[in-house]
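Predicted model and sequence below, questions to follow.
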Protein chains: 4
Amino acid sequence: MSIRVGIVGISGFGGGEAMRLIAGHPAFELVYAAGEGSAGSRLVDRFPGVPQKLAGLVIEKWDPAALPQLDLLFASLPTGTSAEALARVPDEVKIVDIGGDHRYADGWVYGLADVWPARIAGRSRVANPGCFPVATLNTLAPLLVNRLIEPGNIVIDAKTGISGAGRGGADARFGYADTNENLQPYGLLKHVHMPEMARTIEGLSAGSAAGLVFTPHLVPMTRGVLVTLYCRGRATTQECLDAARSFYADRAFVRVTDRPPQTKWATGSNLSFVSYAADPERNLVIAMGVVDNLGKGAAGQAVQNANLMSGLPETAGLDGAPLWP
Amino acid sequence: MSIRVGIVGISGFGGGEAMRLIAGHPAFELVYAAGEGSAGSRLVDRFPGVPQKLAGLVIEKWDPAALPQLDLLFASLPTGTSAEALARVPDEVKIVDIGGDHRYADGWVYGLADVWPARIAGRSRVANPGCFPVATLNTLAPLLVNRLIEPGNIVIDAKTGISGAGRGGADARFGYADTNENLQPYGLLKHVHMPEMARTIEGLSAGSAAGLVFTPHLVPMTRGVLVTLYCRGRATTQECLDAARSFYADRAFVRVTDRPPQTKWATGSNLSFVSYAADPERNLVIAMGVVDNLGKGAAGQAVQNANLMSGLPETAGLDGAPLWP
Amino acid sequence: MSIRVGIVGISGFGGGEAMRLIAGHPAFELVYAAGEGSAGSRLVDRFPGVPQKLAGLVIEKWDPAALPQLDLLFASLPTGTSAEALARVPDEVKIVDIGGDHRYADGWVYGLADVWPARIAGRSRVANPGCFPVATLNTLAPLLVNRLIEPGNIVIDAKTGISGAGRGGADARFGYADTNENLQPYGLLKHVHMPEMARTIEGLSAGSAAGLVFTPHLVPMTRGVLVTLYCRGRATTQECLDAARSFYADRAFVRVTDRPPQTKWATGSNLSFVSYAADPERNLVIAMGVVDNLGKGAAGQAVQNANLMSGLPETAGLDGAPLWP
Amino acid sequence: MSIRVGIVGISGFGGGEAMRLIAGHPAFELVYAAGEGSAGSRLVDRFPGVPQKLAGLVIEKWDPAALPQLDLLFASLPTGTSAEALARVPDEVKIVDIGGDHRYADGWVYGLADVWPARIAGRSRVANPGCFPVATLNTLAPLLVNRLIEPGNIVIDAKTGISGAGRGGADARFGYADTNENLQPYGLLKHVHMPEMARTIEGLSAGSAAGLVFTPHLVPMTRGVLVTLYCRGRATTQECLDAARSFYADRAFVRVTDRPPQTKWATGSNLSFVSYAADPERNLVIAMGVVDNLGKGAAGQAVQNANLMSGLPETAGLDGAPLWP
């Protein structure tokens, strides 16, 4: 059975990663790709290593009125542009929006696949969580659901590789010489990812996420997100680990580890690693999570959601081991 | 059909990459792993992201007298140790030696898979080429066979990421602070890879490889090999490109490009990119080739050879697209 | 006037950076260097770019009974070894211990030079703060002294380049291939830097540092420390910036910026950058500080302290601009 | 004595490095800075770590008719623009052009300072060599002058960090995610640096540089140039090393080493390292040279030339040790 898939936003990192995963997917067939900067060129001109079967696919200029027959569309567009771009896509085409515009929007389910796959199964419109949110929420979910931490006053100190910030392709803000060997905070006090995190924390805990703090940082590496979360709670380290192992017992992509996670463990995969270190006497639970920002943080989870939406095994096309070293 | 596969040298980068590829292979089943530094631990302790099905496999201490039933064994051992280590492996177990000890040794075929797959098909003992040699020989083969360049006086200026030098795991010579942001030549005038390159050049050209020069350099990145080859010849750029396209027309893993190749095009894959820029007036052909040193340069080609040895489709388990960015 | 200076621990990164700064110092003359791994070799063998005047200095094996005549000694030794190593240094030789063993020890002043230079002036035994502490304390001092934040429950999320962790030279834990393109937390819940930070916070605030949390992370770059501090307080951003500008008005090395600091701003220098972003409604002050871990975080501040101890202008030998890019 | 100095092109990497060196120079005083993208801002806005004395200097829009009184001007402008930009600078203002437009132009001396300082002393118009040329020519000069190699058919395989390619500041071609962990050749067969290298080789050897080949490569690091030169000659390694040691015996910035040079040895300095490995039987001399592309490759040599032009000690402001690690 072949599911006809398209990608709009093929020029960006999220679109390119989606292409790579779809190329190796047993059921998805990429039949359409659209991109702003590369319209008219073939996929192989943009991705010299693209599998032969896809090499000649021509990148189109996005026109929802001129789509070929598609079963499913992945959208990886700049923030603020996908609502309009996707408005006229026919209802029968399922959509996964990797960008942020439809998160918690009416008619769209928030695709936190490792936590509530049942909400996504068979659905038609899924908004993929952002990379920082999925790392954070995957890590917090077991603690919130089990009331091991308070939902309020969580401090999220987040770190991302450069492909997780800015737009795909050449971004003048991230010239190599300025970005290499450099670390900096950005987006202080108000970041576009906060609403979806706050809302999900409240949904999972039936409590208030007031006092949520989130500080992202740019790290000189290509891929990888690590979130270090400072939470209030009297749980022990073991209680947290046990709760997470139980919570994710039958979820294929979340790994609970005793030792602090490293971003490299997830690189090139759809895995999510979580760990905890608690000090009950200080009412402190430190929770840590890593993902590959293009994997679980974008295209990986998008494909996982697409599998759920299509009634396929959740791990289809996503069981590749991470790249090491 | 499941082919029972083992890896000795699982702790090194080559062994780890072999494990990743085998985990995603449709016919190979990893049933045995041995490693010096990790004996007694489970695969998941060494590789936190290893697929679940392999997570509990215990790493053994190498003992050829105590092997489980195996069809095929990958060896990725330190230089100078595999002859002894493999001497007592039963004849019925096919072996691919990723290390250098058996290249052009009696009873072993040199596994230059993209160039002479027929020599490897069905064989039992295959010596995998080194990373610099495969990048170099894949690039030169069309030119040598078609007499577009002289086989003599070829200058190979080679560059490798750090996982291509030294031994797997922590290598005191490559401490991060000394290696990062640094570039250096090494192994001048005589490098362990030269004999196999000279011999193959002579075999392909039926001429003499006298005057071969090879200078490797360490580059501050994890993966990637690029070779820049300065050859004598009166061919034009187009003649070289045409010859290569024809030579590799039905080979799945070699891509011929008009523009100079970048190492990143191959990262995480078994691809090999080649290109040429010639100046007939100066009797000069510059040939360029890139591979991922752990992909085509080690485990990728090892799996490709194993496929050929086992009568499987050559691309089995190796059609993953490169990682980008 | 020439002050005769020695370095013990020349093989490590701190010792090497001290050598570089002393070589360019108008009053210090390096007449003695001792190192574990390099004893017997000349400085130029260890540091090929060392200035000619120092090239032939032979690295000695440390023997406090056989020191030449010295006015001042810099010690950059592995944790736990300097108490014994320095015990028999003659009283008349001033010592700056770059390592941690003498911080807040009897007879030693804690060398937080940008905050309390008067305590250091003319002193004989100075314990140089750790890199995370100086970045943290320089950032917090104006807020604590001016009571703009509570001294308790400060959360320090710290990030360091690899030369700030482990020991100097080749460290098997930081092999390039494992460390590159990777980010990880370490030293959770109890880190050797916490006591000096807690004590200083209490000293500056006359309050309690209870609830101090500190989580360091390894970042794939050579130099640079950034600390992101989450504090409780009702101050506004402007009040924090104004307090810091006033506090450091006549201090040469601390720069207060409106925008978040980048580690690269400090690379190769003795500068310390601080900034603040507050949300009074949430009782939250985010304070940020960067240093070069080998500059202000080690050798730079050590030389600054040595200047104060010797009655020299504080900026002697330390006015080099940072390296950019 | 204070020499009034200006920089036009302050926004680029060469201009920024010149600023850093001038700030620490005992005789030069920066009184004027002009830059395309930063006109109107202060130096400290562009360089947060700039020494206090220069912090408030406002960056002007370049207007040769409105210059303040200057003794010397450094120009670091995009290729093709400096001839026009500098045409109307008053004759009495000495100029060092860091860019390429005036190399070997009438009225300008080619500023190869380590090789022919006497040609530069007291001069008024000096064209600074390119980074690849200076690394190459410094390495070849002793061999050419002493006839240890043939001047013809030299193959230059060059490698540069990213700040050595493209224009200063944000360059869309070098977005971090595309450039990191990647290595590629560029500028094949004809590169803008070839004419100055060919001409100088011929001048030094009184022979023909026919057959010169030059292939640059982009390396994922910020600073550093390494050239690996393949030359014809029957000299031995020792003869080459001796010739170079003799040739540079009284030159402060060139270091001759027995072992292959590493780019990091030069980082942040005006040093040039050269080494040789020869195989007389094969009529082969491999010569290797490293510089910091912004140091000796641009601003460092520019300041060195300015010292010579101004009758100052050649090492003034340039004796800083390299940064390590």
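Yep, it's here.

Enumerate every residue touching A:Arg123.
Contacts for A:Arg123 (C-beta atoms under 8 Å, 6 or more residues apart in numbering or on different chains) come out as A:94, A:109, A:308-309. All C-beta spots, glycine's among them, are computed from the backbone N, C-alpha and C.

ok, and it, which helix or strand is that part of?
Per DSSP states H and E, A:Arg123 falls between elements, in no helix or strand.

can you tell me how far it sits from A:Trp108?
A:Arg123 is 9 Å from A:Trp108, where distance means C-beta to C-beta, to the nearest Å.

Now do the contacts for the closest residue to chain B within the stretch 201-325 of chain A.
Closest contact between the stretch 201-325 of chain A and chain B, by C-beta to the nearest C-beta, is at A:Pro322 (3.9 Å). By C-beta under 8 Å, 6+ apart, the contact list for A:Pro322 reads A:264-269, A:271, A:292, B:20, B:47, B:49.

residues in the stretch 201-325 of chain A within reach of chain D, list them.
Counting by C-beta under 8 Å from any C-beta of the partner chain, the stretch 201-325 of chain A comes close to chain D at A:220-222.

Return the closest of those with respect to chain D.
Nearest to chain D among these is A:Thr222, at 5.1 Å by C-beta to the nearest C-beta.

What is the neighbour count of that closest one?
Residues near A:Thr222, counting by other C-beta atoms under 10 Å in any protein chain shown, number 26.

A helix includes it, no?
No. Counting by DSSP: H, G, I helix; E, B strand; the rest coil, one finds A:Thr222 to be coil, located in no helix.

How about the contacts made by A:Trp324?
Taking C-beta under 8 Å, 6+ apart, we find A:Trp324 in contact with A:264, A:267, B:13, B:16-17, B:20, B:47, B:49.

I'd like to know which of these is nearest to chain D.
Of all the contacts of A:Trp324, A:Thr267 has the smallest distance to chain D: 11.1 Å, by C-beta to the nearest C-beta.

List the residues that contact the closest one.
Applying C-beta under 8 Å, 6+ apart to A:Thr267 gives the contacts A:223-224, A:292, A:295, A:322-324, C:181.

can you redo the residues of the stretch 201-325 of chain A next to chain D as CSV with distance to D:Gly40?
Listed next are these as CSV, based on distance: C-beta to C-beta, whole Å:
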residue, distance to D:Gly40
A:Pro220, 30
A:Met221, 35
A:Thr222, 35
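
Restricting to those, which residues neighbour chain B?
Among those, the ones lying close to chain B by the criterion of C-beta under 8 Å from any C-beta are A:Thr222.

For the stretch 1-150 of chain A, which segments count as strands?
A:3-8, A:28-34, A:72-75, A:94-97, A:109-110, A:125-127 (DSSP state E, counting those that start in this stretch).

Need those strands in TSV (columns: mean pLDDT and mean neighbour count).
Formatted as TSV, the strands of the stretch 1-150 of chain A follow (pLDDT from 0 to 100; neighbours: other C-beta atoms under 10 Å in any protein chain shown):
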stretch	mean pLDDT	mean neighbour count
strand A:3-8	98	24
strand A:28-34	98	22
strand A:72-75	98	26
strand A:94-97	98	26
strand A:109-110	98	22
strand A:125-127	98	24
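
Return the subset of the contacts of A:Thr267 lying in helices.
Within these, no residue falls in helices by DSSP state H.

Top of those by number of neighbours, please.
A:Asp292 (34 neighbours).

wouldn't that one be in contact with A:Met221 here?
No. Using C-beta atoms under 8 Å, A:Asp292 is not in contact with A:Met221, being 11.0 Å away.

quick check, nearest of the contacts of A:Thr267 to chain D?
Using C-beta to the nearest C-beta, those come closest to chain D at C:Glu181, 6.8 Å.

Just give the nearest non-adjacent residue to the closest one, would you?
Nearest non-adjacent residue to C:Glu181, counting by C-beta to C-beta, 6 or more residues apart in numbering or on different chains: A:Met221, 4.5 Å away.

Tell me which residues touch the one you found, please.
If you count contacts by C-beta under 8 Å, 6+ apart, A:Met221 has them with A:161-162, A:263, C:180-183, C:220, D:180.

likewise A:Ala210?
A:152-153.

Kindly recompute the last result at 7 Å.
A:Gly152 (C-beta atoms under 7 Å, 6 or more residues apart in numbering or on different chains).

domains of chain A?
Domain ranges of chain A: A:3-129+A:297-310, A:131-293, per automatic domain parsing.

Single out the most deeply packed of the ones you listed.
domain A:131-293 (a mean of 22; mean count of other C-beta atoms under 10 Å in any protein chain shown).

Relative to the whole chain's centre, how far out is that domain?
Centroid separation for domain A:131-293 versus its chain: 12 Å, with C-alpha atoms, centre = their mean, to the nearest Å.

Please determine how far the residue nearest to A:Arg199 when sequence neighbours are not counted is located from B:Glu17.
In space, A:Arg199 comes closest to A:Tyr104 once its chain neighbours are excluded; the distance is 5.8 Å by C-beta to C-beta, 6+ apart. Separation of A:Tyr104 from B:Glu17 (C-beta to C-beta) stands at 41 Å.

So which residues of the stretch 151-300 of chain A form helices?
Counting by DSSP state H, counting those that start in this stretch, residue ranges of the helices within the stretch 151-300 of chain A are A:176-179, A:194-205, A:237-247, A:300-310.

quick one: contacts of the longest one?
Looking back up the chat, that one is helix A:194-205. In contact with helix A:194-205 (C-beta under 7 Å, 6+ apart) are residues A:103-104, A:110, A:112, A:129-130, A:133, A:136-137, A:140-141, A:144-145, A:151, A:154, A:208-209, A:212, A:214.

Report the backbone C-alpha coordinates of it in PDB.
Extracted C-alpha coordinates of helix A:194-205, given in PDB (Å, rounded to 0.1, in the frame of the first residue of the first chain):
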ATOM      1  CA  MET A 194       5.800  29.200  25.700                       C
ATOM      2  CA  PRO A 195       2.100  29.100  25.000                       C
ATOM      3  CA  GLU A 196       2.000  25.500  23.800                       C
ATOM      4  CA  MET A 197       4.200  24.400  26.700                       C
ATOM      5  CA  ALA A 198       2.100  26.100  29.300                       C
ATOM      6  CA  ARG A 199      -1.100  24.800  27.900                       C
ATOM      7  CA  THR A 200       0.200  21.300  27.800                       C
ATOM      8  CA  ILE A 201       1.600  21.400  31.300                       C
ATOM      9  CA  GLU A 202      -1.800  22.500  32.500                       C
ATOM     10  CA  GLY A 203      -3.600  19.900  30.500                       C
ATOM     11  CA  LEU A 204      -1.400  17.100  31.900                       C
ATOM     12  CA  SER A 205      -1.500  18.300  35.400                       C
END
